[in-house]
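**Q** build me a model from this:
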Amino acid sequence: MIMKKTNSERLYYLDFLRIISAFAVVFLHVCAQNWFNVSYNSYKWNILNIYDSLVRWCVPVFVMISGVLFLQKDKTIKELYSKNIFHIFLVLILWSFIYSVVELFQNNLTIKDSVILFIKGTGHLWYLKMILGLYILIPIIKRVVQDKKLTKYVLSVIFIFSMFLPQLICIIGVKYGTLLKIFNDIMKYNIFTYSLGFIFYFILGYHINNTVISDRNKKVIYVLGLAGFLFTAISTYLISKYTKTNNSMFYDFCSINVALESIAIFVFAKDINYKFSIKSEKFKRIITSLSKYSFGCYLIHMLVIKELSYFGLNTLSFNPIISVIFISFIVIIISFGISALINNIPFLKKYVV
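**A** All right, here's what the predicted structure looks like:
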């Protein structure tokens with residue numbers, strides 16, 4: 001059974017998901033700050049691993065939200081390029097420049113290295129490049145989701161070639177390195193590349209939003225989501241112990257275990273939204289405002305993390321059980337605060353976030 005939604009109906013659960021995903025991204029990057037700097041056998045690393053595994057769903061859920069919002073709207077290609085694609089491109093250029101300049105002065109990079117960093121983009125800005133690719137493909141993807149059978153077929157193909165096979169190959173490759181190299185060479189030149197995994201999330205978000213899921217299936221999804229989290233944490237520890245190095249194989253956003261976490265979070269938020277509709281107008285305004293500031297938070301937060309670390313505050317400053325939560329809380333407040341400020345200045349709002 002498919003649920004039809006009017007374009008005027010605001011889906012507040014997407015606003016809520018956008019907010020908690022922004023929180024989760026901050027939490028994830030605070031955890032990752034020293035993930036490679038401590039031994040996989042240490043107490044500190046195990047805490048970081050558990051925390052990191054807990055919020056791996058953040059980026060996939062962001063993509064699923066975009067899938068709902070863009071695939072339900074009727075946009076012309078001209079509108080898509082003049083507004084969304086052009087805007088993301090400008091934001092990417094601007095923030096790549098900002099981060100490369102910060103690295104130039106704080107880490108004593110050469111001008112050449114700084115320019116290379118600007119061209120490549122730093123860390124989390126890869127997300128903007130991936131989103132640009134998805135936006136460009138929206139006219140094609142919209143044709144796919146109009147046909148329920150075709151949607152399921154495309155999701156199945158992407159799952160097999162962008163999630164199942166790559167993950168299986170990596171697992172086999174832990175034991176058989178030569179075999180891994182052969183398969184990696186094959187996959188490298190295969191048309192089904194890594195980016196397809198995010199098309200999977202883009203379509204899946206739209207599909208879940210427009211599908212009625214039975215209570216029985218929801219329970220199965222939640223159990224699988226919990227299993228995905230446990231698998232991520234335990235397998236990351238075991239693979240690191242086996243390879244005698246901090247191994248992030250199972251952290252991949254397009255891994256099956258992370259997909260299970262992401263689907264469970266998305267379905268749970270949608271379910272709560274329909275069971276307990278928001279009636280308070282004041283609460284709706286707060287949710288929509290924070291949701292609007294979340295993109296700015298995503299762009300800014302790594303700069304805040306870098307500056308806090310530059311002045312000596314990082315996850316190894318004290319017990320990571322507390323430090324990760326404490327630093328994340330500070331980063332979230334500062335990042336959302338700066339984002340709110342920018343979003344209330346018309347010129348900056350248009351070109352910076």
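
**Q** give me the nearest residue to residue 343, chain neighbours excluded.
**A** residue 349 (5.1 Å; C-beta to C-beta, 6 or more residues apart in numbering). Where you see a C-beta, it was placed from the backbone N, CA and C, and this is true even at glycine.

**Q** do residue 91 as well
**A** Counting by C-beta to C-beta, 6+ apart, residue 128 is the residue found nearest to residue 91 once chain neighbours are left out, at 6.5 Å.

**Q** what do you get for residue 121?
**A** Counting by C-beta to C-beta, 6+ apart, residue 121 lies nearest to residue 96, which is 4.8 Å off, once chain neighbours are set aside.

**Q** what number of residues lie near that neighbour?
**A** By other C-beta atoms under 10 Å, 19 other residues sit near residue 96.

**Q** please apply the same query to the one 4 residues further on.
**A** The local packing of residue 100 (other C-beta under 10 Å) involves 20 other residues.

**Q** and for the one 4 residues further on?
**A** Counted with other C-beta under 10 Å, the neighbours of residue 104 add up to 17.

**Q** now swap in residue 139 and tell me
**A** With other C-beta under 10 Å as criterion, residue 139 counts 12.

**Q** gap between it and residue 318?
**A** Residue 139 sits 51 Å away from residue 318, going by C-beta to C-beta, to the nearest Å.

**Q** is it correct that residue 121 is in contact with residue 128?
**A** Yes - using C-beta atoms under 8 Å, residue 121 makes contact with residue 128 at a distance of 7.4 Å.

**Q** okay, and the common contacts of those two?
**A** Residues touching both residue 121 and residue 128 comprise residue 92, with contact defined as C-beta atoms under 8 Å, 6 or more residues apart in numbering.

**Q** where does this structure dip in pLDDT?
**A** 1-8, 177-195 (pLDDT under 70).

**Q** residue 72 - how many residues pack around it?
**A** Here the number of neighbours of residue 72 (other C-beta under 10 Å) works out to 17.

**Q** domains of the protein?
**A** What automatic domain parsing lists as the domains of the chain is 12-72+147-351, 73-146.

**Q** just name the most buried of those domains.
**A** domain 12-72+147-351 (a mean of 18; mean count of other C-beta atoms under 10 Å).

**Q** how long is that domain from one end to the other?
**A** Domain 12-72+147-351 stretches 26 Å from its first residue to its last (C-alpha to C-alpha, to the nearest Å).

**Q** now do it: distance to the chain's middle.
**A** In terms of C-alpha atoms, centre = their mean, to the nearest Å, the gap separating the centre of domain 12-72+147-351 from the centre of its chain is 4 Å.

**Q** now stretch 69-78
**A** Relative to its chain's centre, stretch 69-78 lies at 22 Å (C-alpha atoms, centre = their mean).

**Q** so what touches that stretch?
**A** Residues from elsewhere that reach stretch 69-78 (C-beta under 8 Å, 6+ apart): 5, 7, 14, 84, 135, 138-139, 141-142, 145, 202-203, 206, 209-210.

**Q** let me see the contact set for the residue nearest the centre of the chain.
**A** Centroid check for the chain by C-alpha atoms, centre = their mean gives residue 59 as the closest residue, at 0.9 Å. The contact partners of residue 59, by C-beta under 8 Å, 6+ apart, come to 21, 25, 127, 253.

**Q** helix, strand, or coil at the last one?
**A** Assigned with DSSP: H, G, I helix; E, B strand; the rest coil, residue 253 falls in the coil class.

**Q** in terms of contact, does it touch residue 166 like I think?
**A** No - between residue 253 and residue 166 there is no contact under C-beta under 8 Å: 11.9 Å.

**Q** got phi/psi on the nearest residue to residue 240 once chain neighbours are set aside?
**A** Distance criterion C-beta to C-beta, 6+ apart; nearest residue to residue 240, sequence neighbours excluded, is residue 40 at 3.8 Å. Per-residue torsions, residue 40: phi -60, psi -20 (degrees, to the nearest 10).

**Q** could you report the distance from residue 40 to residue 73?
**A** Going from residue 40 to residue 73 by C-beta to C-beta gives 45 Å.

**Q** ramachandran angles for residue 211?
**A** The phi and psi values for residue 211, taken as degrees, to the nearest 10, are phi -120, psi 130.

**Q** can you pull out the helices in the stretch 251-353 of the chain?
**A** For the stretch 251-353 of the chain, the helices defined by DSSP state H, counting those that start in this stretch cover 256-275, 281-310, 320-343, 346-351.

**Q** tell me the SS of residue 78?
**A** Under three-state DSSP, the three-state class of residue 78 is helix.
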